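Pasting the sequence and the predicted model now:
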Amino acid sequence: MDVRSTPRTQLESLVTPLLAIPVAKGADEAIHVPPLPEGLTEFEARVRSDLTGDTGSTVVVRSGSAEGAVRIAFIGVGDAGSDGVDAEAVRRFAARAVRVAEEIHVDEAAVLLPDALQVSDEAAARAAAEGMVLAAWRFRELKTGVGETRAPVSVARGVVVVPTSSADAAEGAVEIGEVVAAAENAARDLQSRPGNVATPSHLAEEARRLADDAGLEVEVLGPRDMQKERMGALLAVAQGSTEEPRLIILRHQGGKPGEKPLVLVGKGLTFDAGGISIKPAKGMEEMKFDMSGGAAVIAAMWAIGRLGVARNVVGVVPSSENLLGASAVKPGDVVTSRNGRTVEVINTDAEGRLILADALDYAVGMEPEAMVDCATLTGAVVIGLGHHASAVLGTDDTLVQELRDAGDRTGERCWPLPLWPEFRTQLESTTADLKNVGGRPGGTITAAIFLREFVGDVPWAHLDIAGTAYGDGGKVPYRRNGGYGVPTRLLVEWVRGRAG
Ligand code: BES
Ligand code: MN
Ligand code: ZN
């Protein structure tokens with residue numbers, strides 16, 4: 001989708017098939033519609049008694065005129081409170097405008113920003129662009145169209161009507177929103193591809209394609225390189241499959257030469273059957289999403305390149321399948337990770353931490369200023385935090401706080417869990433240096449404690465996205481059933497924040 005901005009003074013003459021106007025609930029449940037130019041007040045007057053301001057409530061009117069907007073959708077944005085509407089409410093409002101466009105089969109939607117905002121005009125304009133681009137995404141690659149009576153419409157154009165006083169700044173903000181949302185959509189494409197399409201080598205090829213498009217450097221390691229690097233943990237996970245593993249490295253040189261990089265690491269497990277410790281059949285198809293962290297890192301790197309962020313940033317994605325072929329790693333096997341630590345593989349389904357161990361240790365060699373990994377790592381995080389927050393755990397409080405703030409601003413929220421030393425005892429092994437599982441209690445924490453063994457002194461944080469990276473779309477209008485692309489926007493926001 002292409003998004004442009006236009007100043008509010010142009011509202012009356014804006015030619016568009018659909019204009020969405022936000023309706024907020026003000027104090028005393030009073031309905032608040034932004035002041036409209038004369039040509040549009042007539043429509044508001046016609047439906048005023050139907051407007052509630054309730055989030056998502058929608059009233060559509062036809063203008064009947066060939067000029068200006070053909071249809072007007074009044075869409076509720078909920079309580080504006082005394083602070084005004086927040087960025088996430090704007091994102092969802094703009095996404096709902098796209099859903100209305102889809103329903104009435106038009107390929108463009110324009111949105112007017114709410115007046116009472118909790119955030120700056122720029123932040124709101126950006127959120128609106130994001131909401132529209134994210135909502136317009138669908139995954140149709142593997143549909144032939146056979147049996148469809150009417151192909152769904154793709155909303156191809158979006159317009160954000162911005163306050164005239166901040167029109168220039170808002171224009172730039174819309175462009176940033178477009179790029180980060182397009183990146184998140186790219187992550188969703190990668191996530192949506194099934195395991196037989198999105199193999200580790202496919203992920204590497206896609207990383208190359210996106211890197212070329214954004215001016216990033218790419219390096220891809222295969223199994224022989226991994227042997228040279230002594231990546232025994234990553235290789236152990238891959239040995240049960242005929243698909244070769246890959247370690248994908250993307251570099252953005254936006255900072256001074258020699259400046260310490262920020263490093264993003266993402267779990268790129270393209271299908272997790274559990275290995276010999278096989279998973280139950282029910283829902284196993286969801287394990288094609290076990291590369292969501294890797295997809296987000298590749299996509300975030302693309303956006304970082306596109307936006308020309310003034311920092312050196314490296315993306316590292318270990319990618320493998322976790323199957324149960326004849327040569328698969330077995331429970332009880334001991335493997336030696338790249339940093340020399342021996343690991344007793346108690347459960348082959350705890351494979352994410354094994355591939356990340358070698359990737360994190362490899363990244364430590366780049367002497368990062370800070371390192372963030374994201375991974376669909378534990379079922380436990382879904383029990384702990386459900387689908388509305390990723391867990392964040394790390395060795396550096398400032399970094400954890402930065403990620404929480406970036407999550408709040410992007411609507412990709414994360415919530416902290418502790419890394420207290422007491423949890424480390426759960427990983428003690430009689431045979432090796434440590435076990436790869438720590439039992440059911442605190443499963444998300446012990447997984448992160450395991451990762452911490454491989455980050456050295458680098459300020460590091462881990463995002464467990466098993467509950468937030470994909471799902472049925474929830475009630476979020478800019479998502480659908482499938483991959484969400486989380487935490488692509490959060491990662492870009494964090495890196496941009498560090499760029500100052
Ligand atoms: N990929 C899974 C985690 C997962 C669970 C992702 C649910 C998405 C939804 C991971 O590799 C895994 O299997 N973890 C195990 C670890 C256990 C064996 C210690 C788990 O959480 O059950
Ligand atoms: Mn697993
Ligand atoms: Zn997994």
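Sure, I can see it. Ligands and ions are numbered 1, 2, ... in the order given.

Show the pLDDT at the single nearest residue of the stretch 351-500 of the chain relative to ligand 2.
Proximity of the stretch 351-500 of the chain to ligand 2 (Cβ to the ion) peaks at Glu351, 5.0 Å away. For glycine as for every other residue, the C-beta is placed from the backbone atoms N, C-alpha and C. With respect to pLDDT, Glu351 scores 99.

What of Asp28?
Value for Asp28, per-residue pLDDT: 78.

what do you get for Ala66?
With respect to pLDDT, Ala66 has a value of 66.

Over to Val111?
pLDDT at Val111 comes out at 98.

and it, how far is that from ligand 2?
41 Å (Cβ to the ion, to the nearest Å).

Surely that residue is in a helix?
No. Using DSSP: H, G, I helix; E, B strand; the rest coil, the assignment for Val111 is strand, not a helix.

if I pick the residue of the stretch 351-500 of the chain closest to ligand 2, what's in contact with it?
237, 269, 272, 275, 320, 322 (Cβ atoms under 8 Å, 6 or more residues apart in numbering).

one more time with 6 Å
Shown in contact with Glu351 (Cβ atoms under 6 Å, 6 or more residues apart in numbering): 237, 322.

Ok, Val220 next?
By Cβ under 6 Å, 6+ apart, the neighbours of Val220 are 204, 246, 248.

what secondary structure does it sit in?
strand.

Against ligand 3, how distant is it?
On the measure of Cβ to the ion, Val220 and ligand 3 end up 21 Å apart.

Excluding chain neighbours, what is closest to Arg404?
Closest residue to Arg404 apart from its sequence neighbours, by Cβ to Cβ, 6 or more residues apart in numbering: Cys414 at 5.8 Å.

if I look at the one you found, how far off is Val392?
4 Å (Cβ to Cβ, to the nearest Å).

follow-up on the earlier one: so of the contacts of Val220, which ones are in helices?
Those of the contacts of Val220 mapping onto helices are Ala204, per DSSP state H.

which of the contacts of Val220 lies closest to ligand 3?
Arg246 (16.3 Å).

Just grab the bridge partners of that closest one for me.
According to DSSP bridges, the residues that bridge with Arg246 are Ser319.

what kind of secondary structure is the closest residue to ligand 2 within the stretch 251-400 of the chain in?
Relative to ligand 2, the nearest point of the stretch 251-400 of the chain is Asp349 (3.8 Å; Cβ to the ion). What three-state DSSP gives for Asp349 is coil.

Could you report the neighbour count for it?
21 (other Cβ atoms under 10 Å).

Pretty sure it sits against Gly274.
Yes. The pair Asp349 / Gly274 is scored as a contact, 3.9 Å apart, by Cβ atoms under 6 Å.

picking up where we left off before, can you pull the residues that touch both of Cys414 and Val392?
With Cβ under 6 Å, 6+ apart as the test, Cys414 and Val392 both reach 403, 463.

pLDDT (mean, whole number) over stretch 301-311?
98.

what's that stretch in contact with?
Taking Cβ under 6 Å, 6+ apart as the rule, stretch 301-311 contacts 179-180, 183, 210, 214-216, 250, 252, 254-255, 262, 313, 315, 492, 495-496, 499.

how does it look with 7 Å?
176, 179-180, 183, 186, 210, 213-216, 250, 252, 254-255, 262, 313, 315, 492, 495-496, 498-499 (Cβ atoms under 7 Å, 6 or more residues apart in numbering).

again, but for stretch 18-28
In this structure, residues lying in contact with stretch 18-28 by Cβ under 7 Å, 6+ apart are 31-34, 51, 53, 69, 71-80, 85, 93, 97, 100-101, 104, 106, 108-112, 114, 116.

what about dumping the CA coordinates of it to CSV?
Extracted in CSV, the C-alpha atoms of stretch 18-28 (Å, rounded to 0.1, in the frame of the first residue of the first chain):
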residue,chain,number,x,y,z
LEU,A,18,-13.9,6.6,1.4
LEU,A,19,-13.1,9.1,4.1
ALA,A,20,-12.9,7.9,7.7
ILE,A,21,-13.7,10.4,10.5
PRO,A,22,-12.8,9.6,14.1
VAL,A,23,-15.5,9.8,16.7
ALA,A,24,-14.3,10.1,20.3
LYS,A,25,-16.1,9.8,23.6
GLY,A,26,-15.2,13.0,25.5
ALA,A,27,-16.0,14.0,29.0
ASP,A,28,-19.6,13.1,30.2
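
what comes up buried for that stretch?
By neighbour count on 16 or more other Cβ atoms under 10 Å, the buried set for stretch 18-28 is 18-25.

One more: stretch 94-106?
94-102, 106.

can you list the residues of the stretch 151-300 of the chain near ligand 3?
Counting by Cβ under 5 Å from the ion, the positions of the stretch 151-300 of the chain adjacent to ligand 3 are 269, 272, 290.

mind checking how far the nearest residue to the first one once chain neighbours are set aside is from Ala198?
In space, Leu269 comes closest to Asp290 once its chain neighbours are excluded; the distance is 4.0 Å by Cβ to Cβ, 6+ apart. From Asp290 over to Ala198 the distance is 10 Å, taken as Cβ to Cβ.

Compare neighbour counts for those two and give me the winner.
Set side by side, Asp290 and Ala198 show more neighbours around Asp290, with 28 against 23, by other Cβ under 10 Å.

My read is that that one contacts Gly268, right?
No. With contact defined as Cβ atoms under 7 Å, Asp290 does not count as touching Gly268 (8.4 Å).

How about the contacts made by Ala211?
218, 250.

Verify the assumption that it is located in a helix.
Yes. Counting by three-state DSSP, Ala211 falls inside a helix.

What residues of the strand or helix carrying Ala182 count as buried?
Here Ala182 sits within helix 167-192, counting by DSSP states H and E. The neighbour-count check on helix 167-192 (16+ other Cβ under 10 Å) flags 167, 169-171, 173-192 as buried.

Would you mind naming the residues that bridge with Thr342?
Thr336.

Wait, it touches Ala432, no?
Yes. With contact defined as Cβ under 7 Å, Thr342 counts as touching Ala432 (4.0 Å).

who has more neighbours, these two?
Using other Cβ under 10 Å as the criterion, Thr342 and Ala432 rank with Ala432 on top: 18 against 15.

which residues touch Arg489?
Here Arg489 is in contact with 180, 184, 410, 412 (Cβ under 7 Å, 6+ apart).

right, I mislabeled it, should have said Val237
Contacts of Val237 by Cβ under 7 Å, 6+ apart are 320, 322, 329, 351, 354-355.

among these, who's most crowded?
Ser320 (34 neighbours).

so where's the stretch 1-150 of the chain uncertain?
66 (pLDDT under 70).

and with 80 instead?
27-29, 64-67 (pLDDT under 80).

Thanks again, I'm all set now.
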